[in-house]
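Peer 1: next input, structure requested:
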Amino acid sequence: MLNKLRLTEHFSQAAAEYDEYANVQKKMADYLISLSSPSKKITTILEIGCGTGLLTKKIAAAFPAAAILATDISPAMLAYAKKQLSNYDNIQFQVQDGEKISDSNKYDLIISNAVFQWFTNYETAFTAIYNSLKPKGQLFFSTFGPNTFKELHHSFHTACAQNLFSQQWKISPDFYSINDLAYYLKNAGFTNSFETLTYTEYFSTVREFLRSVKKVGANNSSKSSYIHTNRKIMLDMLQLYETNYKFHDKVPATYETIFVHSQK
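Peer 2: Numbering: from 1, shown residues only. Alright, predicted model coming up:
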């Protein structure tokens with residue numbers, strides 16, 4: 001299970017360089033905002049996990065008359081976004097854990113990009129979001145699906161098997177499927193539609209890929225006090241990844257992304 005304090009630390013450390021490495025997240029933000037149709041009826045918007053403000057700026061452009069509350073669990077990320085978007089009078093900023101909405105306001109639209117994969121309790125999170133929407137209010141969000149980093153997972157599990165290691169280590173978090181998300185959203189009271197897109201990034205080495213993951217704050221945030229990772233397994237994993245997947249001197253990293261539109 002994720003450690004929220006460690007997660008917050010990782011994202012705070014990544015704030016200054018996040019935009020340089022968040023290539024897939026930028027594409028997700030572009031597509032997510034294209035799904036949400038601008039409407040004069042939308043006057044209040046809550047963004048969960050605004051990060052450095054990549055999506056926030058697009059929300060402000062799409063809904064110039066709306067009052068926007070941009071929230072994030074990381075004070076450093078929030079400070080960076082606030083500085084970047086200081087010329088927008090209709091955006092307020094607040095430190096907040098998106099799965100534990102703490103204000104009593106009601107919103108026409110709640111929107112979030114590449115954040116919900118960090119939630120630890122979907123049941124309570126979606127119930128809180130549902131209760132924070134006005135009647136007929138809408139939720140738009142994107143997240144990562146279970147095929148994300150499939151090359152990494154396959155290489156890691158193969159390395160474990162080669163070393164006769166059976167302990168269930170994980171090299172990255174588990175990502176929920178559409179069926180999982182549909183279950184929790186329906187139970188919260190939402191009607192839903194889903195769409196998936198696959199993005200692939202290419203790197204010179206596996207180490208470069210892993211470094212890019214760390215640069216966006218997405219490195220391991222397990223509740224374990226220390227992740228005991230066998231050096232031989234990690235070295236074997238790196239070799240397997242490059243041997244099995246390298247093509248034209250590049251290694252791929254697959255991102256399965258899920259886009260969700262839910263209505264109260």
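Peer 1: show the contacting residues for the spatially most central residue of the chain.
Peer 2: For the chain, the residue nearest the mean C-alpha position is residue 114 (2.5 Å; Cα atoms, centre = their mean). Contacts for residue 114 (Cβ atoms under 8 Å, 6 or more residues apart in numbering) come out as 24-25, 28-29, 49, 142-144, 257. To be clear about C-beta, it is placed using only N, CA and C from the backbone, and glycine gets the same treatment.
Peer 1: 10 Å instead, please
Peer 2: Each residue near residue 114 by Cβ atoms under 10 Å, 6 or more residues apart in numbering is listed here: 22, 24-26, 28-29, 32, 49, 51, 54-55, 141-144, 216, 218, 255, 257.
Peer 1: just the buried ones from these?
Peer 2: 22, 24-25, 28-29, 32, 49, 51, 54-55, 141-144, 216, 218, 255, 257 (16 or more other Cβ atoms under 10 Å).
Peer 1: how about the helices of the stretch 51-200 of the chain, start to end?
Peer 2: Residue ranges of the helices in the stretch 51-200 of the chain, as given by DSSP state H, counting those that start in this stretch, are 54-62, 75-84, 122-131, 150-162, 178-188.
Peer 1: which other residues reach the longest one?
Peer 2: Meaning helix 150-162. 146-147, 149, 165-172, 200, 206, 209-210, 213, 229-230, 232-245, 251-256.
Peer 1: gap between residue 92 and residue 246?
Peer 2: 47 Å (Cβ to Cβ, to the nearest Å).
Peer 1: looking at the helices of the stretch 51-200 of the chain, spot the one closest to residue 101.
Peer 2: Nearest to residue 101, of all the helices of the stretch 51-200 of the chain, is helix 122-131, at 4.7 Å by Cβ to Cβ.
Peer 1: just the buried residues of the closest one, please?
Peer 2: Buried positions in helix 122-131, judged by neighbour count with 16+ other Cβ under 10 Å: 122, 125-126, 128-130.
Peer 1: returning to what we had before: of the buried ones among the contacts of residue 114, which belong to strands?
Peer 2: Mapping these onto strands (DSSP state E) picks out 141-144, 255, 257.
Peer 1: more neighbours, residue 92 and residue 246?
Peer 2: Under the criterion of other Cβ atoms under 10 Å, the comparison of residue 92 against residue 246 puts residue 246 first, with 16 against 12.
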